[in-house]
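1. Fold the following, please.
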Amino acid sequence: MKRIYLDNSATTPPDPQVVREMAEWSARHFGNPSSVHAFGREAKIKIEEARAKLADLIGAQPGEIIFTSGGTEANNLAVIGAAKAQADRGQQILLSAVEHPSVLKTANYLHANGLNVDFISPDPQGVVTLEQLQKAQTAQTVLVSIMHVNNETGIIHPVGEIATWCREHGILFHCDVVQSFGKLPVTIREIPADLLTFSAHKIHGPKGVGALYVRKGVALEPLLFGGGQEANRRPGTENLTGIVGFDAVLELLTKQQENFNRLTELQGFFERSLKAIKDDIRIVGESVVRSPYISNVIFPGIDNESFLLNLDMAGIAASVGSACSSGSVQPSHVLSAMGFSERDVKSAVRFSFARTTTMEELNEALLRIREIVNRLSADPSKSPRPA
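-> Model prediction:
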């Protein structure tokens, strides 16, 4: 039985070119970038090449890019670092109620330490709008954090419009672009943010490396203390091999529009085919603009934990949402914030795609999903308890 991977929002398979580059550098180019000898200089040059490449892709300057251990650290550094640096200007930060846990829990930490944290709920379609932000903003607001593409639903928020408004009103804006960079247009012209979060392993790069764009002139308190790496904002010996992998995957982002168009067709086919299995199957956010890389589907009457186990036994990898929950199946805070009932939340499954996903895989997955849905629908013992 061929296994079918439809959990690409959790992580993507590393591209073979990325693996080769990382293996080469890991074996032959092992110098510490802070060392003054030839081995260190070679490593430092490679890191600066990667920094310049990412900066060029988003229209920034190399000095505005900080390499981190991943999206979670970048989000922590952005939210905590900016909030602390702006503490003398105001004591309120605003973020959407559908953010990634690495933003939500970071904000909760700040709240526990005396900062005023307020959450913006999405509209009934799941979109966080500028109008909602304007209603929540006060004279004390110093930072707003709203993601570009939601990692559970694929819903796209109007972050370009929001970023522009924040800039005009002297409020720092942070945007998590982990689920959009490399898939949708992401530049500081389209999203004039002060802070942007990136992660390599969501775009066929390695795990353990990410980046934070920090607009020139934006003050940021460091999370860690030690050496002076990354312009004194992220100390510690750089993850050279990881950055090499990040650099390699940036070279592969040349067919973004072609991939987007193909995935749009695949997603449309997949969702239409799912709804044809049973009349009550629903697509979350179907009426709004979404990423073609994510489909969140509600299978009424079927417990999603049981569904996931059956999918896994049938060779299909999917999930219920964020992968950052220690492997546990947690109720979706995103769907709850959108107003879905507990019954619906417990019946929702996320399928997510990548440029490696094929029509052949989706056709085979649909055959297996149909069998599972029909079987679980006929077995009341596998249904969720009433809310």
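2. Mind giving me the packing neighbours of the helix or strand harbouring L308?
-> Using DSSP states H and E, L308 sits in helix 304-313. The contact analysis (3 or more CB pairs under 8 Å, 6 or more residues apart in numbering; DSSP states H and E) places helix 304-313 against strand 348-352, helix 359-377. Glycine gets a C-beta too; all of them are placed from N, C-alpha and C.
3. N310 is nearest to which of these?
-> When the helices and strands packed on helix 304-313 are ranked by distance to N310, counting by CB to CB, first place goes to helix 359-377 at 4.7 Å.
4. That closest one to helix 304-313, inter-axis angle?
-> Orientation of helix 359-377 against helix 304-313 (axes from the mean of the first three to the mean of the last three CA atoms, to 10 degrees) gives an angle of 130 degrees.
5. From the contact counts, what lies against whichever helix or strand V144 is part of?
-> Element membership for V144, per DSSP H and E: strand 141-145. Other helices and strands packing on strand 141-145, by 3+ CB pairs under 8 Å, 6+ apart, are helix 71-85, strand 92-96, strand 172-176.
6. Out of the helices and strands packed on helix 304-313, which is the most enclosed?
-> Compared across these, strand 348-352 shows the largest average neighbour count, a mean of 26 (mean count of other CB atoms under 10 Å).
7. Give the rounded mean pLDDT of that strand.
-> If you average the pLDDT over strand 348-352, you get 98.
8. Equivalent analysis for stretch 104-116, please.
-> Mean predicted confidence for stretch 104-116 is 95.
9. and it, C-alpha only, in PDB?
-> Taking Å, rounded to 0.1, in the frame of the first residue of the first chain, the C-alpha atoms of stretch 104-116 are listed here in PDB:
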ATOM      1  CA  LEU A 104      -0.900  33.000  21.400                       C
ATOM      2  CA  LYS A 105       1.200  31.400  24.200                       C
ATOM      3  CA  THR A 106       3.800  34.100  23.900                       C
ATOM      4  CA  ALA A 107       1.100  36.700  24.300                       C
ATOM      5  CA  ASN A 108      -0.200  34.800  27.300                       C
ATOM      6  CA  TYR A 109       3.300  35.000  28.900                       C
ATOM      7  CA  LEU A 110       3.400  38.800  28.400                       C
ATOM      8  CA  HIS A 111      -0.100  39.100  29.900                       C
ATOM      9  CA  ALA A 112       1.000  37.100  32.900                       C
ATOM     10  CA  ASN A 113       3.800  39.600  33.300                       C
ATOM     11  CA  GLY A 114       1.600  42.700  33.300                       C
ATOM     12  CA  LEU A 115       1.000  43.500  29.600                       C
ATOM     13  CA  ASN A 116      -2.500  44.200  28.300                       C
END
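10. what comes up buried for that stretch?
-> Buried residues in stretch 104-116, counted by 16 or more other CB atoms under 10 Å: 104, 106-107, 110, 115.
11. now those residues in JSON lines, with secondary structure?
-> JSON lines is the format used below for the buried residues of stretch 104-116 (DSSP: H, G, I helix; E, B strand; the rest coil):
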{"residue": "L104", "secondary structure": "helix"}
{"residue": "T106", "secondary structure": "helix"}
{"residue": "A107", "secondary structure": "helix"}
{"residue": "L110", "secondary structure": "helix"}
{"residue": "L115", "secondary structure": "coil"}
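12. quick one: average confidence on stretch 233-244?
-> Here the average pLDDT along stretch 233-244 is 91.
13. which one of the buried residues of stretch 104-116 is nearest R51?
-> Proximity of these to R51 (CB to CB) peaks at T106, which lies at 24.4 Å.
14. Pull the number of nearby residues for the residue lying closest to the closest one once chain neighbours are set aside.
-> Once flanking residues are discounted, T106 sits nearest to V79: 4.6 Å by CB to CB, 6 or more residues apart in numbering. Number of residues near V79 (other CB atoms under 10 Å) recorded here: 28.
15. domain parsing for the protein?
-> What automatic domain parsing lists as the domains of the chain is 4-12+255-382, 16-250.
16. show me where the stretch 51-200 of the chain has strands.
-> For the stretch 51-200 of the chain, the strands defined by DSSP state E, counting those that start in this stretch occupy 65-68, 92-96, 116-120, 141-145, 172-176, 195-199.
17. and L172, how many neighbours?
-> Using other CB under 10 Å, L172 has 25 other residues around it.
18. what residues does the least confident helix or strand in the chain by mean pLDDT touch?
-> Taking mean pLDDT, DSSP states H and E as the measure, the chain has helix 229-232 as its least confident helix or strand, at a mean of 84. Under the criterion CB atoms under 8 Å, 6 or more residues apart in numbering, residues 33-34, 63, 66-67, 222, 235-238 lie in contact with helix 229-232.
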